[in-house]
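**Q** predicted model and sequence follow; I will ask about them next.
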Amino acid sequence: MTNINNFKVGIKMPPLPEVVENSQLNLFDPGNPDVNLFNLVDDELIRLSGSEFLYYKYFRSVDYDEVYGEDRSKPLNKEGVLVHGHYEPRVLEENLTEFGIELTNDQLFVFNKSYIEQKLGRVPIPGDVILPRFQNQKYELYQIQEDSFESYGVYHMVCSAKLLRESEDRFDTPITEVAPDLGVYGSD
């Protein structure tokens, strides 16, 4: 066990300066115009080292079901917007469960927040579809989170997506046709 009295300083240390709101000691000033520089550098890094995606915007229609939290027709834009972002491609997993073979391939897509909002004209929302340029698999976003580095001014959008297994006719074509009534048991 070490005795604290064994260690003594021969020179008296000067008192620490008081930190005021706008002093020279404040390294990360949120009002500093250079803060946006980190955001621009992050945007450029994602464009240079990231992947290209076709981003299909989802349009919420009048058939939105509040109970299940989904849209019955799920109309999407036919024209995809070319965007850049990060993701790690994964191999499709086919797990054998008690209900049969389950196909899973959840992905995380990371975008620069200011870049993706500028390209889309809005923030990403659940229901949007992403198609990586070198894969022939579409992913539907189901959760969007803001990942921020507030002191530096860099903001990321982290989008969780699941493998989309639906037909191509959902693009710009809301389902309005209803199957004919089959009648009731015992009727002619």
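**A** Ah, there it is. Residues are numbered from 1 along each chain as shown.

**Q** ok, F38 - how many residues close by?
**A** The criterion is other C-beta atoms under 10 Å. On that basis, F38 has 14 neighbouring residues. (Glycine included, C-beta is placed from N, CA and C.)

**Q** in the helix or strand where it lies, what's buried?
**A** Taking DSSP states H and E as the criterion, F38 maps to helix 35-49. Neighbour-count burial for helix 35-49, counted by 16 or more other C-beta atoms under 10 Å, picks out V35, N39, D42, D43, I46.

**Q** got it, and stretch 136-144?
**A** With burial defined by 16+ other C-beta under 10 Å, the residues of stretch 136-144 counted as buried are K138, Y139, E140, L141, I144.

**Q** so how far is the first residue of stretch 117-129 from its last?
**A** Looking at stretch 117-129, the gap from its leading to its trailing residue is 15 Å under the measure C-alpha to C-alpha, to the nearest Å.

**Q** who's in contact with R165?
**A** When contacts are counted by C-beta atoms under 8 Å, 6 or more residues apart in numbering, R165 is found next to L103.

**Q** could you check the pLDDT of it?
**A** On the pLDDT scale, R165 is placed at 73.

**Q** separation between it and P75?
**A** Distance from R165 to P75, counting by C-beta to C-beta, to the nearest Å: 18 Å.

**Q** ok so, going back, helix or strand right after the helix holding F38?
**A** Toward the C-terminal end, the helix or strand that comes next after helix 35-49 (DSSP H and E) is strand 51-56.

**Q** may I ask which helix or strand of this protein has the lowest mean pLDDT?
**A** Confidence across the helices and strands of the chain bottoms out at strand 70-71, with a mean of 64, counting by mean pLDDT, DSSP states H and E.

**Q** and the helices in this protein, which stretches?
**A** Secondary structure of the chain by DSSP state H: the helices cover 35-49, 113-120.

**Q** quick check: which of those helices is nearest to V81?
**A** Between V81 and the helices of the chain, the tightest spacing by C-beta to C-beta is seen for helix 113-120, at 5.8 Å.

**Q** mind listing what's buried in that closest one?
**A** Neighbour-count burial for helix 113-120, with 16+ other C-beta under 10 Å as criterion, is recorded at K113, S114, Y115, I116, L120.

**Q** which helices and strands does it pack with?
**A** helix 35-49, strand 81-85, strand 154-163 (3 or more C-beta pairs under 8 Å, 6 or more residues apart in numbering; DSSP states H and E).
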